[in-house]
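**Student:** Sharing a model prediction with you, sequence too.
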2 protein chains.
Amino acid sequence: MTARNAFYAQSGGVTAVINATACGVIETARKHKKHIANVYAGRNGIIGALTEDMIDTNRENARAIAALRHTPGGAFGSARYKLKGIDENRAQYERLVEVFHAHDIGYFFYNGGNDSMDTAHKVSQVSKRMGYPVQCIGVPKTVDNDLAVTDNCPGFGSVAKYVAVSTREAALDVLSMAKTSTKVFVLEVMGRHAGWIAAAGGLAGNAPGDAPHIILFPEVPFDEPAFLKRVQESVEKYDYCVVVVSEGAQYADGRFLAEAGTRDAFGHAQLGGVAPVVANLVRERLGYKYHYAVADYLQRSARHIASATDVKQAYAVGQAAVKFAVEGKTAVMPAIKRVSDKPYRWRIGEAPLSRVANTEKKLPKRFITKDGFGITEAARRYLQPLIRGEDYPPYVNGLPKYVTLKNVPVKPKLGTEFVV
Amino acid sequence: MTARNAFYAQSGGVTAVINATACGVIETARKHKKHIANVYAGRNGIIGALTEDMIDTNRENARAIAALRHTPGGAFGSARYKLKGIDENRAQYERLVEVFHAHDIGYFFYNGGNDSMDTAHKVSQVSKRMGYPVQCIGVPKTVDNDLAVTDNCPGFGSVAKYVAVSTREAALDVLSMAKTSTKVFVLEVMGRHAGWIAAAGGLAGNAPGDAPHIILFPEVPFDEPAFLKRVQESVEKYDYCVVVVSEGAQYADGRFLAEAGTRDAFGHAQLGGVAPVVANLVRERLGYKYHYAVADYLQRSARHIASATDVKQAYAVGQAAVKFAVEGKTAVMPAIKRVSDKPYRWRIGEAPLSRVANTEKKLPKRFITKDGFGITEAARRYLQPLIRGEDYPPYVNGLPKYVTLKNVPVKPKLGTEFVV
């Protein structure tokens, strides 16, 4: 058989380990020259394919590619760009296949979340119908940990570790000052639709009284009186209260707490996020001095405190994606299968994209304590292995040495414009 | 001579390495049993002395004390509690000396910032006048890096490293998404009166175009048009803009930017901090999508990414404080003296408390670029060695293993109440 080219694109919010997956894809492809000639990467994700702006990863040496394993962010650029349904915008899909055809691309690796799995699935169908069948392999990635079928998602373990470590550290700070200063500390974390990341904060504590004392999940409608009562109890009993709040925390009617914030002179809402809203509520009602932190992008880019388990899995799904491709598979995604909890064992399985696309895995009820403010033993059993192990990047002069690729463009063959 | 007891107290905002200093004090004291019988620590800082609520560090084994070296926060509790001037409240000083006398305390180690150095100085004078001279040694600590005489302050190097690393990481995240998503990222850091911490963010970049593109210092009055122009230039030239803003950033008239924020239904200002104010300004005027992070306590408790230089120096000032004490010194502070920049060499010198007390070291003008938005080569030369080296804590199950001491109380001898 003749070797064909592969196209790899990063999609959606980036993570501390999405480049480890890219590393897995490229290093493995380089070992299968008989099947895969070149790996082209989309500049800014799928947009790079639509606009025929691809990056030739062959121009990067082995050391640069290896350094992707410890470099956060998206080395080729990612995009928040969802392809519409085929009926609404057939032109996009046709354009993709046209570009793939022009560059002899027989493999499409799409590294993203729900939407991307859906897109990869559709491209596999459309390309077949168009007479240029492309093998489409979805590669899982999302800090939100909300993909179906796979036990967990690469990217989540590292943000979980960051949140658990930061909560433990900040708690020590607050406790030591509580006598005369801050009594309530609020940490806002990501997860607009699912409380996986907030739940990870719960790993910071082991014993009763340990922080966090309260977790606010999107899955549990915010009960203000119960919350305030719990804050007060915590301060009275333990001298302080640490709250981990998901950005998606909401009232029973579905309004986000973050939207309850103040408005500026122009009437624009949501100057701050949810943390200041919660913190201010505590001050108004209970009078405690507070501090709050908003981790925002720091949490998902914190490669310096990445989970070794996560890095390994991120690499492994990239590696497996290429293996699936050379085995002739299409419309599948490498999925992480948990073999056992203790000791934690996992392997890579195979999931049909049709089962992954467009479904969202929420935090199950059995992971949340009855009072709605904490995580259960079942949650700990699930979460704990995912943050295990440290995988430190190399440092030079006190700073992590992250790689910036040359990102040399592939010469366009079509040269036609396509407006995205 | 007869061995006497020592009193050690932590003061003010805690840091990632203040316990490393405690470790230096206690381990060194244990090697000088001829001079120092026991080290008592103040529960919640100086309040523990005033209320005769002291902790017997002798009840902690060598392993627990050694673990202080890698544990953030204040292991004995710290306090924001400033002793008033002697004329205003002689009773406080007399009470301190009374408690010291009752417990045969001949050495007072006060681990804090400007105010604490002032207090230690006054106690040395008052105790002498009262006929019970106590040797008072100030031990420097502050993330703000604003103490006089010492080249830098233990605690600063680690927060500087955290801010530089986080800025570098978040910048990679933002850049990879900038095509279709966030263009401007604002990171709020500590430093209400001095821009040392904000300046450290500047270490994240090496080349023109690298993040951060703008630093807002408390020392430079906020120039809104110049700021907006710079943001726009950065986005147009580099596709994104990363701003590091000090919580103390202010207008020419001294008003904090943070105060310009929104007001809630009760008219209370400052729901958010300065980051949302700056981010919102960018959106209002330039229309760019933004994200912001507020590092807050995460930055000063982040022992997981502590600077090895900082940890060494924090330990060294604790060690030197005890040496000064056994040499019979009083009213002095161990100060870090920089011997050379390249290679970075330092030693511990001696500073009279009178020279340290109540003075505040601001970021010098020569450290800020002419445009007011960046740091100079001189600043880099100064800052760079302070973040050098990694000193990772031990991990168990993916989380740092920090020590919690038993904190067994010393039996009161006076038993009289003192209201603080």
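**Tutor:** Structure received. Numbers count the residues shown, from 1 in each chain, chains lettered A, B, ... in the order given.

**Student:** ok, for residue A:170, nearest residue in space, not its chain neighbours?
**Tutor:** Excluding the flanking residues, the one nearest residue A:170 by CB to CB, 6 or more residues apart in numbering or on different chains is residue B:297, at 4.5 Å. In this view, the C-beta of every residue, glycine as well, is placed from N, C-alpha and C.

**Student:** what do you get for residue A:408?
**Tutor:** residue A:59 (4.2 Å).

**Student:** before we move on, what about residue A:119?
**Tutor:** residue A:83 (4.8 Å).

**Student:** so how far is stretch A:55-75 from its chain's centroid?
**Tutor:** Here stretch A:55-75 is found 19 Å from its chain centre; the criterion is CA atoms, centre = their mean, to the nearest Å.

**Student:** Just the C-alpha atoms of it, please, in PDB.
**Tutor:** Extracted C-alpha coordinates of stretch A:55-75, given in PDB (Å, rounded to 0.1, in the frame of the first residue of the first chain):
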ATOM      1  CA  ILE A  55       1.400  22.900   9.500                       C
ATOM      2  CA  ASP A  56       4.000  20.400   8.400                       C
ATOM      3  CA  THR A  57       5.000  18.600  11.500                       C
ATOM      4  CA  ASN A  58       7.800  16.900   9.600                       C
ATOM      5  CA  ARG A  59       9.700  20.100   9.800                       C
ATOM      6  CA  GLU A  60      10.100  19.600  13.500                       C
ATOM      7  CA  ASN A  61      12.900  17.500  14.900                       C
ATOM      8  CA  ALA A  62      12.400  14.600  17.300                       C
ATOM      9  CA  ARG A  63      13.400  16.700  20.300                       C
ATOM     10  CA  ALA A  64      10.900  19.400  19.600                       C
ATOM     11  CA  ILE A  65       8.100  16.800  19.200                       C
ATOM     12  CA  ALA A  66       9.300  15.000  22.400                       C
ATOM     13  CA  ALA A  67       9.100  18.400  24.200                       C
ATOM     14  CA  LEU A  68       5.400  18.600  23.300                       C
ATOM     15  CA  ARG A  69       4.800  16.000  26.000                       C
ATOM     16  CA  HIS A  70       5.600  18.500  28.700                       C
ATOM     17  CA  THR A  71       4.300  21.700  27.100                       C
ATOM     18  CA  PRO A  72       0.800  23.100  28.000                       C
ATOM     19  CA  GLY A  73      -1.600  24.900  25.600                       C
ATOM     20  CA  GLY A  74      -2.200  24.000  22.000                       C
ATOM     21  CA  ALA A  75       1.100  23.900  20.100                       C
END
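
**Student:** Which positions within it qualify as buried?
**Tutor:** A:55-58, A:60, A:64-65, A:67-75 (16 or more other CB atoms under 10 Å in any protein chain shown).

**Student:** Same question for stretch A:356-366.
**Tutor:** A:356, A:357, A:361, A:363.

**Student:** what's the burial count for the residue nearest to residue A:414 when sequence neighbours are not counted?
**Tutor:** Nearest non-adjacent residue to residue A:414, counting by CB to CB, 6+ apart: residue A:102, 5.1 Å away. Neighbour count of residue A:102, defined by other CB atoms under 10 Å in any protein chain shown: 14.

**Student:** wait, what's in contact with residue A:102?
**Tutor:** Residue A:102 makes contact with A:52, A:413, A:414 under the criterion CB atoms under 8 Å, 6 or more residues apart in numbering or on different chains.

**Student:** Swap in 10 Å and give it another go.
**Tutor:** For residue A:102, the contact set (CB atoms under 10 Å, 6 or more residues apart in numbering or on different chains) comprises A:52, A:412, A:413, A:414, A:415, A:416.
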